[in-house]
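>>> show me the folded form of this:
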Amino acid sequence: VVDVDPRLAEKRLVQFRGFDRKDARARIKNQASREARRAVADRIVDNSGTLEELEPQLDFVWSWIKTLPHPPENG
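Residues are numbered from 1 along each chain as shown. Take a look at the predicted model:
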């Protein structure tokens, strides 16, 4: 799960995606709650910082994903 405080998510939707605040809040409200997503997560990536802070977390999670068993290919 990529996790961020909903207030920061709202701010980013307004700043970088052109949403107005009401639409940003509605979009966030219609998603699973932060608590529900975190409760079922195998790994949590903190997206509250900079891109430079995010990258090593993504590298770590990608390395972990590659160790998971893969279903057999069809064919």
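
>>> so where is the protein shaky, pLDDT-wise?
75 (pLDDT under 70).

>>> centre-most residue in it?
Note on the chain: the residue nearest the mean C-alpha position is residue 2, at 2.3 Å, using Cα atoms, centre = their mean.

>>> that one touches residue 43, doesn't it?
No: contact criterion Cβ atoms under 8 Å: residue 2 and residue 43 do not qualify, at 9.7 Å. Quick note: C-beta positions are derived from backbone N, CA and C, even for glycine.

>>> now do the strands in the chain.
Applying DSSP state E to the chain gives strands spanning 2-3, 45-46.

>>> residue 28 is nearest to which of these?
The closest of the strands of the chain to residue 28 is strand 2-3. By Cβ to Cβ, the value is 12.7 Å.

>>> hang on, the earlier thing: if the residue nearest to the centre of the chain is in a bridge, with which residues?
residue 45 (DSSP bridges).

>>> quick one on the thing from earlier: JSON lines for the strands of the chain, including distance to residue 36?
JSON lines is the format used below for the strands of the chain (distance: least, Cβ to Cβ, whole Å):
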{"stretch": "strand 2-3", "distance to residue 36": "12"}
{"stretch": "strand 45-46", "distance to residue 36": "16"}
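
>>> which among the ones you listed is found nearest to residue 17?
strand 2-3 (15.7 Å).

>>> what comes into contact with the closest one?
34, 37-38, 41, 44-48 (Cβ atoms under 8 Å, 6 or more residues apart in numbering).

>>> which one of those sits in the busiest neighbourhood?
Most neighbours among the contacts of strand 2-3, by other Cβ atoms under 10 Å: residue 47, with 19 neighbours.

>>> any idea how far the nearest residue to that residue once chain neighbours are set aside is from residue 25?
Distances taken as Cβ to Cβ, 6 or more residues apart in numbering put residue 4 closest to residue 47, at 4.3 Å, once the chain neighbours are dropped. For residue 4, the distance to residue 25 equals 14 Å [Cβ to Cβ, to the nearest Å].

>>> would you map the helices across the chain?
Using DSSP state H, the helices of the chain run over 6-17, 21-29, 34-40, 51-67.
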